[in-house]
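In: mind looking at a prediction? Sequence and model below.
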Amino acid sequence: MAFACWDLQNNEELGLVQARWSFVNKDENLLTRLQNINLCFHFEVEQQVNGVFLNFFGFNGTAGVWRIKALEDAGGWLERTTVEDMDIAVRAHLKGWKFIFLNDVEVLHLSDCSTLKRIS
């Protein structure tokens, strides 16, 4: 995530730098394979396209670095919602903060592989 910090230091308009998740257990079972397909599309298409053309995308809760001033300007992290990561992203964007998505920076992520065990 050092790349993210470099971007924040060199662009005062940036409020958020988000990296792409890379799944370490994508081949563990059917659920993790399906999660990998779905979330790879989300990061490699949706997040990247929105970041390039709209300069806005929803924060995914992890694999991102926020500028503290952007969080403060947006009113801080509110725990009253179940989508606090998207909530803060929308409020920061409405305050004029810019976001960038680093598709070439991967952050390791462990997919939930136990859901099938719980519902079986």
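Out: Received the coordinates, thanks.

In: low-confidence ranges, the protein, go.
Out: 1, 3, 113-120 (pLDDT under 70).

In: state the distance from the residue nearest the centre of the chain to Asn36.
Out: Geometric centre of the chain, nearest residue: Asn60, 3.1 Å, by C-alpha atoms, centre = their mean. Distance of Asn60 to Asn36, computed by C-beta to C-beta, to the nearest Å: 15 Å. Any C-beta I mention is one placed from the backbone N, CA and C, and that applies to glycine too.

In: phi, psi of Arg20?
Out: In terms of degrees, to the nearest 10, the main-chain angles of Arg20 are phi -90, psi 140.

In: you'd agree it is up against Ala63?
Out: Yes: here Arg20 lies in contact with Ala63, judged by C-beta atoms under 8 Å, at a distance of 7.2 Å.

In: now the common contact residues for the two.
Out: Common neighbours of Arg20 and Ala63, using C-beta atoms under 8 Å, 6 or more residues apart in numbering, are Val107.

In: now the helices for this protein?
Out: 2-10, 30-41, 48-49, 68-73, 84-94, 115-119 (DSSP state H).

In: could you redo those as TSV and give each row mean neighbour count and distance to His109?
Out: Below are these laid out as TSV (neighbours: other C-beta atoms under 10 Å; distance: least, C-beta to C-beta, whole Å):
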stretch	mean neighbour count	distance to His109
helix 2-10	13	16
helix 30-41	15	8
helix 48-49	14	17
helix 68-73	14	22
helix 84-94	18	14
helix 115-119	10	15
